[in-house]
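Peer 1: Give me coordinates for this.
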Amino acid sequence: MKKFTLLSFLLLMFVTLANAQTLNNPKDADGYYIVNWSCANNSWAAANDVEVDQTFVFAVDVTGTPFENWLKETPTAAGATRALAINKWTNFGDVSGGTNRLKQIQGNIYGATWNIKQMASTMNVASATGIDSVVYIYGQVFGFEFTADNPGAGWWMWPAEIAAGTAIDPGTGAIFRTLPYTGTKGSPEFYSDDYEGGLFFSNNTPEKGYTLPCPIVTGISNKIKSESPVVSHEYYNIQGVRLPKAPQSGLFIHKAIKADGSFVSTRELIISE
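Peer 2: Sure, this is the predicted structure:
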């Protein structure tokens, strides 16, 4: 009876792992996928060295998986483009369901800028931000199709080789985990519409803590063109409060003041490596 029980358990484990979704991301020393993308180096970061309230670029690489071929196949919807999205949840509850679309970074690598705490929906933020708390992120990559006027021309699409709803599991259960929480990082709030195209062809509902991967500076506020040289710089948080110096990370407003009194204001986002 014991032998049968052990054999059944091993068979169940084999079937579970065989059905798990896999990625081509590198793994850390503990077997979790490294999902932290370094925009500065255009490559994977050395580790997932982020806490639950730090902003970072999450990315997946589906090279060598069934999704690689699926992305190349002719879309089901006429004139559509194929892309990837991800459902995700944590050991402390769910994050916003509107933050699932991923945008192509390069090749088979797709990603988005995340702040897990800001994306929280039913997540128990108090527990997730308790000292030494570790947040485990689980999820499943799936495909979708979009056109210029239809953000969901195809949705919840899976290659034939992967059963719909299969979770990603590198062998650790969770996709990745955060560092133990040490205290607030003060990452400024940001939304998916803070950058042009940041809504990923979605339902035009701004989502907090979520935007394009490696977003570029946009949002010039004054409309007067001036060739006058810049003579000083001011920095403000998103609430409009002036900061004593340029931030080292997060979303902020940079005001470049010119000699003739005109100025140019831009939203800028610096992601800590």
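
Peer 1: Now do the buried residues in stretch 243-253.
Peer 2: 247, 249, 250, 251, 252, 253 (16 or more other CB atoms under 10 Å). Where you see a C-beta, it was placed from the backbone N, CA and C, and this is true even at glycine.

Peer 1: Please read the previous query as pertaining to stretch 145-158.
Peer 2: Of the residues in stretch 145-158, those buried by neighbour count under the rule 16+ other CB under 10 Å are 145, 146, 147, 151, 153, 154, 157, 158.

Peer 1: Please identify which helix or strand holds the residue lying closest to the last one once chain neighbours are set aside.
Peer 2: The reference is to residue 158. Nearest non-adjacent residue to residue 158, counting by CB to CB, 6 or more residues apart in numbering: residue 164, 4.7 Å away. Counting by DSSP states H and E, no helix or strand carries residue 164.

Peer 1: Next up, the contacts around residue 164.
Peer 2: Listed by CB atoms under 8 Å, 6 or more residues apart in numbering, the contact set of residue 164 reads 142, 156, 158.

Peer 1: Make a markdown table out of these and add pLDDT, distance to residue 229 and secondary structure.
Peer 2: A markdown table is the format used below for the contacts of residue 164 (pLDDT from 0 to 100; distance: CB to CB, whole Å; DSSP: H, G, I helix; E, B strand; the rest coil):
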| residue | pLDDT | distance to residue 229 | secondary structure |
| --- | --- | --- | --- |
| 142 | 98 | 51 | strand |
| 156 | 98 | 53 | strand |
| 158 | 98 | 56 | coil |
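
Peer 1: Worst mean pLDDT across the helices and strands of the protein, which element?
Peer 2: Scoring the helices and strands of the chain by mean pLDDT, DSSP states H and E places helix 2-19 at the bottom, with a mean of 44.

Peer 1: tell me what whatever helix or strand comes next after that helix is packed against?
Peer 2: Using DSSP H and E, the helix or strand that follows helix 2-19 in sequence is strand 37-38. The helices and strands touching strand 37-38, judged by 3 or more CB pairs under 8 Å, 6 or more residues apart in numbering; DSSP states H and E, are strand 43-44, strand 56-61.

Peer 1: Return the most buried member of the ones you listed.
Peer 2: Each of the helices and strands packed on strand 37-38 was scored by mean neighbour count; the highest is strand 56-61, a mean of 25, by mean count of other CB atoms under 10 Å.

Peer 1: how far is that strand from where the chain is centred?
Peer 2: Centroid separation for strand 56-61 versus its chain: 6 Å, with CA atoms, centre = their mean, to the nearest Å.

Peer 1: Contact partners for the most centrally placed residue in the chain?
Peer 2: Geometric centre of the chain, nearest residue: residue 112, 3.3 Å, by CA atoms, centre = their mean. By CB under 8 Å, 6+ apart, residue 112 lies in contact with 57, 58, 99, 101, 102, 103, 200, 210, 211, 212, 213.

Peer 1: Now, these that are in strands?
Peer 2: Judged by DSSP state E, strands contain the following of those: 57, 58, 103, 210, 211.

Peer 1: from these, which has minimum pLDDT?
Peer 2: Across the ones in strands among the contacts of residue 112, the bottom pLDDT score, 89, is held by residue 211.

Peer 1: pLDDT at the residue nearest to it when sequence neighbours are not counted, what is it?
Peer 2: Nearest residue to residue 211, sequence neighbours excluded (CB to CB, 6+ apart): residue 198, at 4.3 Å. pLDDT, residue 198: 70.

Peer 1: My guess is residue 37 contacts residue 60. True?
Peer 2: No. Checked against CB atoms under 8 Å, the pair residue 37 and residue 60 is beyond contact range at 9.5 Å.
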